[in-house]
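Novice: missing the sequence, but the structure's below:
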């Protein structure tokens, strides 16, 4: 990304550490705010990504920046893979995720592990599919993280990324900008008590190289057949890329 955006502007901590602290702080309110502030549309976006994943081999799946496990649970229910590894920086977010997974009876299928995407604790060529939902903006070193994802994917394996993007058409662009600047930070602060978490969100979205720009970054980092699909007027985008078979 052209500009480094961090949650707390704490010069003593890396972006990775600040992101971990932020999600630890809001872990118990995250699911409610995520669905409430998106008006529930995030369910549709996640379902679209699962449909894309269902078209490819999916015995082994890795869900990065899994948070409270929403995407992992949806993948488990719809795809029935052999195993899903779900990794995140925030232990407290995963605590919530483990509760949800236990309630859904998916403990034997979904396995949580604290891990940094810049150094994934898996062997080369392990996964058929890697998914990242609303997490790429938080990567401290994007190139290193994409290199690690490429490493752990099997040849021919699929990377799927769901991320917020930049609407360009009137009036969605103007309404989205007003909502992100004025409404989202206020409600986020009132509910979560973390003033910076929900101002960091729109700042990081604005700094993210969405659409064609991010697809080009995937190609630069050795992914082929890259595509991007804009949704809901450009509010979110699904990106895909394949690890070559050579």
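Specialist: Structure's in. What do you need? Nothing here was measured: the structure is a model prediction, and the numbers come from that model.
Novice: Counting by contacts, list what the longest strand anywhere in the chain packs against.
Specialist: If you go by DSSP state E, the chain has its longest strand at strand 153-164. Secondary-structure packing of strand 153-164 (3 or more Cβ pairs under 8 Å, 6 or more residues apart in numbering; DSSP states H and E): helix 41-54, strand 127-133, helix 212-220, strand 236-243. (Each C-beta comes from the backbone N, C-alpha and C, glycine too.)
Novice: in a helix, that's where residue 121 is, yeah?
Specialist: No - checked against DSSP: H, G, I helix; E, B strand; the rest coil, residue 121 lies outside a helix; its state is coil.
Novice: circling back to that earlier point, right, so the helices and strands packed on strand 153-164: which one is the most enclosed?
Specialist: strand 127-133 (a mean of 25; mean count of other Cβ atoms under 10 Å).
Novice: sorry, back to before: which of the helices and strands packed on strand 153-164 sits closest to residue 62?
Specialist: Nearest to residue 62 among those is strand 127-133; the distance by Cβ to Cβ comes to 4.5 Å.
Novice: Taking strand 236-243 as reference, get the angle to that closest one.
Specialist: 160 degrees (axes from the mean of the first three to the mean of the last three Cα atoms, to 10 degrees).
Novice: ok and strand 127-133 relative to strand 153-164, angle-wise?
Specialist: 10 degrees.
Novice: Please name the strands paired to strand 127-133 in the sheet, noting orientation.
Specialist: strand 60-64 (parallel), strand 153-164 (parallel) (DSSP bridges).
Novice: Now tell me what touches it from outside.
Specialist: 46, 49, 53, 56-65, 67, 70-71, 75, 81, 85, 117, 149, 152-154, 157-163 (Cβ atoms under 8 Å, 6 or more residues apart in numbering).
Novice: Could you do stretch 239-246 as well?
Specialist: Taking Cβ under 8 Å, 6+ apart as the rule, stretch 239-246 contacts 52, 150, 153-163, 214-215, 218-219, 222-228.
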